[in-house]
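Chemist: need a 3D model of the following:
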Amino acid sequence: MPSAPPQSDPVLLFGEWLERAKASETGDATAAALATADASGRPSARMVLLKDVDESGFVFFTNYDSRKARDLEANPRAALCFHWPSLGAQARVEGRVERVSAQESDAYFATRPRDSQLAAWASRQSAAVGHRDELMARYAEMARRFAGAAVPRPEFWGGYRLRPQRIELWRADERRLHRRTCYEHQPDGWRETTLQP
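Modeler: Have a look, this model is predicted:
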């Protein structure tokens, strides 16, 4: 079970937990539920994959025309929740969200499998489609368009960075007296608080 020494940097501690989860989870340990809200406050959640994390924040990528992206443009605050059953652990991250640079998005897009790159071009994420055949036809069109060439990143696709303002690290206890440590970002660093389960 992960441990949380007092006065830890929660981002570094999260990174340690993530590495342990990658070694023990049967699924993708980078998967997280991303919660957003639109301009009226209506919430929405979906799974995303964490692609980078460091002191500047937690990075994921998407179509900039997707519902999540529209929510983030209207209300640039979000939350991520990771659950690692093999560790008996969860991590919750809340904060402001901003787009990563075009250069950072280009660099990550270049590492994606070609099929994923073509899919990014083909899908108008979150838009209705009359029949799946239409989507497959667009994919085939993109495959022809970029045949024999590198696939560039579409301008409508890229990354977001969630800059953490609050991080909660949760560890299971068999008595259901779960261990919850909350870290809130202050001008002089992180303030650590133990929460009751």
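
Chemist: show me where the protein has strands.
Modeler: 31-37, 43-49, 52-54, 57-63, 77-84, 89-99, 157-171, 179-186, 189-195 (DSSP state E).

Chemist: show me what the shortest one pairs with in its sheet, parallel or antiparallel.
Modeler: Taking DSSP bridges as the criterion, strand 52-54 sits next to strand 57-63 (antiparallel) in its sheet.

Chemist: from what I can see residue 65 touches residue 127, true?
Modeler: Yes - between residue 65 and residue 127 there is a contact under C-beta atoms under 8 Å: 7.5 Å. All C-beta spots, glycine's among them, are computed from the backbone N, C-alpha and C.

Chemist: and the two? which has more neighbours close in?
Modeler: With neighbours defined as other C-beta atoms under 10 Å, residue 65 and residue 127 compare such that residue 65 has more, 15 against 10.

Chemist: sorry, back to before: mean pLDDT and distance to residue 122 for the strands of the chain - can I get that in TSV?
Modeler: Converted to TSV, the strands of the chain look like this (pLDDT from 0 to 100; distance: least, C-beta to C-beta, whole Å):
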stretch	mean pLDDT	distance to residue 122
strand 31-37	98	22
strand 43-49	98	19
strand 52-54	97	25
strand 57-63	98	11
strand 77-84	98	26
strand 89-99	98	22
strand 157-171	97	11
strand 179-186	95	39
strand 189-195	94	42
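
Chemist: domains in the chain, by residue range?
Modeler: 10-109+155-195, 111-152 (automatic domain parsing).

Chemist: most neighbours per residue, which of the ones you listed?
Modeler: domain 10-109+155-195 (a mean of 16; mean count of other C-beta atoms under 10 Å).

Chemist: what's the span of that one from first residue to last?
Modeler: 15 Å (C-alpha to C-alpha, to the nearest Å).

Chemist: how much distance is there from that domain to the middle of the chain?
Modeler: 5 Å (C-alpha atoms, centre = their mean, to the nearest Å).

Chemist: check contacts around residue 181.
Modeler: Under the criterion of C-beta atoms under 8 Å, 6 or more residues apart in numbering, the neighbours of residue 181 are 4, 10, 168, 169, 170, 192, 193, 194, 195.
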